[in-house]
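Next come a sequence and a model predicted from it.
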Amino acid sequence: MSMVVRVKQRQIAQLMSKGKRLDGRGLNDYREIKVEMGVIEKAEGSARVLLGKTEVLVGVKIEIGEPFPDTPNEGVLTVNAELVPLASPSFEPGPPDEKAIELARVVDRGLREAKTINIEKLCLEPGKKVIVVFIDVYVLNHDGNLIDASAIAALAALVNTKMPKYEVEDGQVKVKSSYTPLPVQNYPIAVTFAKINDKLAVDPWLEEEQVMDARLTIAIEKDGKICAIQKGGTGYLTREQISEVAKMAKEKASEIRKLVVKE
Amino acid sequence: MPKAEEKLIDKEGLRIDGRKTNELRATKIGVGVLGNADGSAYIEQGKNKILAGVYGPHEVHPKHLALPDRSLLRCRYHMAPFSVEERKSPAPSRREHEISKVIRESLEPAIFLEYYPRTSIDLFIEVLQADGGTRCAGVTAASLALADAGIPMRDLIVACASGKIDGQLAVDLSDAEDKKGEADVPVALMPNLNAITLLQMDGQLTLEEFENAIELSLEGCKQLYAMQKEALKSKYATVKEEVEE
């Protein structure tokens, strides 16, 4: 840890011990969240999420493909994340690195384990033809907490997706002119906490991420169940901190979910 | 819904391999098993067979990655092509990349990296046979390999998973249980500091089930920790015998 970071960590930790943060938020406050759907016309579904200054764009593309041999009756869901170099001086061009792979896999885990999409309904011809849903996460500006922003954007993009109706006749897939939404049946929301000097704060922004010891992400389904967890960072958590995060995450998730699902 | 023939827990409360829900698989641990590595360990947990080797602290390659104030810990978790039912391509998958990262982050809190600035410590975990819970067994072996290399540590790290199968919580899931089960919660622990350094989950659990699953994982960690210490001690007992001869 460089000198500057160490000085900053002390400052942030002192503030947090008084329940305050550098940007004026309380420890359990998110930054302002804005969700905009249908921003890319060529994609079957898309959403742009602003989480403070963090900006993530997710596009959903639909294709016809083959199922995995072990799940012949299920459609395929894939998540990829690109940390585009224009989003941060710390991002470099090239194939996804460890950070991008982790981001994609955590977003994927939340969506998959919550059975967000009823993938059995994406089967056209068992063992031969199924609908493949590509979810591509594009980070446009990195100001911390990419996981939560990407998870919200991915969910919003799926909710926004309209795919063509397909019909199978004699082994040939025919595309009809009408459109149908994806069979979305759950709404998982990821909530991330940063641990800095034994204090927890939700939705860490970049300044806080740079000095945090560890982070803990918990994804919560619409019925309040936990569907995915990921600890990150080079520090540790205590048993009590995990329980605290799990409880808070449940509360926060239901607040955020209202921004994506308007009931 | 799981079908009748897919029962993971029978009427007597026993699992497919005959274990109780709170019982670990048979585990064997060896320390100092590789000739060239600075430190190494081997673990067999059920059908898992995993080797961990440590090189370093040594000069960093490429040099520009060197850190001015501490050692660079690098970790590679890798599965052998023959370790699973269907041959796995030897190229590292996205899963292996992610596991390498979470394992590194689970070990880093324990190591005094600041003692060795401008060096690297390279850790390799090779899964020779996989049967569920390889990341945890990998962590357990890797921490012994680090200790075997003589790298100063705050504590050992031990990892164990628990999960939900047939609606019940159970410790140390096998591959079949993990695949058919409802949830999996791997946890890594520094037992003397009570610090949790790895925590993941997939599947569906209520808040209460999750709390109980962590307790079950931690209980498993404590049992494995006793075996870890034994393995480390027995290596030095052998060395002592050789010296005295």
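In hand now; what should we look at?

how about the residues of the stretch 151-263 of chain A near chain B?
Residues of the stretch 151-263 of chain A found near chain B (Cβ under 8 Å from any Cβ of the partner chain) are A:214, A:216, A:221, A:224-239, A:242-243, A:246-247, A:250. No exception for glycine: its C-beta is placed from N, CA and C like everyone else's.

Quick check: PyMOL command selecting the buried ones in those.
This is how PyMOL selects the buried members of these, with burial counted by 16 or more other Cβ atoms under 10 Å in any protein chain shown:
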select buried, chain A and resi 214+216+221+225+226+227+228+229+230+231+232+233+234+235+236+237+239+242+246+250
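
Sort out which of the residues of the stretch 151-263 of chain A next to chain B are in strands and list them.
Using DSSP state E, the subset of these located in strands is A:A214, A:L216, A:I226, A:C227, A:A228, A:I229, A:Q230, A:K231, A:G232.

possible to save the residues you listed as a markdown table with pLDDT?
Shown next, in a markdown table, are these (pLDDT from 0 to 100):
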| residue | pLDDT |
| --- | --- |
| A:A214 | 97 |
| A:L216 | 98 |
| A:I226 | 97 |
| A:C227 | 97 |
| A:A228 | 98 |
| A:I229 | 98 |
| A:Q230 | 98 |
| A:K231 | 98 |
| A:G232 | 97 |
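
for the chain, what spans make up the strands?
All of this is about chain A. A:33-37, A:45-51, A:54-65, A:76-83, A:123-125, A:129-141, A:162-169, A:172-181, A:189-196, A:199-202, A:214-220, A:226-232.

I was after chain B.
B:27-31, B:39-45, B:48-59, B:72-79, B:119-129, B:158-165, B:168-171, B:183-190, B:195-205.

Of all those strands, which one comes closest to A:S90?
With Cβ to Cβ as the criterion, A:S90 lies closest to strand B:72-79 of these, at 17.0 Å.

if we can go back for a sec, so for B:T21, which of the strands of chain B sits nearest?
That would be strand B:168-171 among these, by Cβ to Cβ, at 4.1 Å.

next one: the closest one to chain centre, how far?
Relative to the chain's own centre, strand B:168-171 is displaced by 19 Å; criterion: Cα atoms, centre = their mean, to the nearest Å.

buried ones in it?
Here strand B:168-171 shows B:L169, B:A170, B:V171 as buried, counting by 16+ other Cβ under 10 Å.

give me the beta-bridge partners of the second one?
With DSSP bridges applied, B:A170 shows beta-bridge pairing to B:G163.

can you tell me which two in the ones in strands among the residues of the stretch 151-263 of chain A next to chain B are farthest apart?
The most distant members of these, if one measures by Cβ to Cβ, are A:A214 and A:C227, lying 20.8 Å apart.

picking up where we left off before, in JSON lines: the strands of chain A, plus distance to A:A151.
Below are the strands of chain A laid out as JSON lines (distance: least, Cβ to Cβ, whole Å):
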{"stretch": "strand A:33-37", "distance to A:A151": "12"}
{"stretch": "strand A:45-51", "distance to A:A151": "9"}
{"stretch": "strand A:54-65", "distance to A:A151": "9"}
{"stretch": "strand A:76-83", "distance to A:A151": "10"}
{"stretch": "strand A:123-125", "distance to A:A151": "26"}
{"stretch": "strand A:129-141", "distance to A:A151": "9"}
{"stretch": "strand A:162-169", "distance to A:A151": "21"}
{"stretch": "strand A:172-181", "distance to A:A151": "20"}
{"stretch": "strand A:189-196", "distance to A:A151": "4"}
{"stretch": "strand A:199-202", "distance to A:A151": "14"}
{"stretch": "strand A:214-220", "distance to A:A151": "7"}
{"stretch": "strand A:226-232", "distance to A:A151": "9"}
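
got the contact list for A:L259?
Counting by Cβ atoms under 8 Å, 6 or more residues apart in numbering or on different chains, A:L259 makes contact with A:I33, A:V35, A:I152.

whoops, I mixed them up, B:S106
B:V139, B:I157, B:A159, B:A188, B:T197, B:L198.

Give me the pLDDT value at it.
Predicted confidence (pLDDT) for B:S106: 98.

Just give the closest residue to it, not the sequence neighbours.
Leaving out its chain neighbours, the residue that sits closest to B:S106 by Cβ to Cβ, 6 or more residues apart in numbering or on different chains is B:L198, at 3.6 Å.

List just the one of the strands of chain A that sits closest to B:A237.
strand A:226-232 (35.7 Å).

How far off centre is the closest one?
The answer for strand A:226-232 is 12 Å, by Cα atoms, centre = their mean.

Could you check the angle that strand makes with strand A:214-220?
170 degrees (axes from the mean of the first three to the mean of the last three Cα atoms, to 10 degrees).

Okay, the most centrally placed residue in chain A and A:I189: tell me how far apart.
Nearest to the mean C-alpha position of chain A, by Cα atoms, centre = their mean, lies A:A151 at 1.6 Å. Applying Cβ to Cβ, to the nearest Å, the value for A:A151 to A:I189 is 7 Å.

Next: B:L156.
36 Å.

between these two, which one's more packed in?
A:I189 (28 against 20; other Cβ atoms under 10 Å in any protein chain shown).

Quick check, that one in contact with A:I220.
Yes: applying Cβ atoms under 8 Å, one finds A:I189 in contact with A:I220, separated by 5.7 Å.

B:L146: neighbour count?
Count around B:L146 with other Cβ under 10 Å applied: 27.

typed the wrong thing, it's A:K162
For A:K162, using other Cβ under 10 Å, the count is 14.
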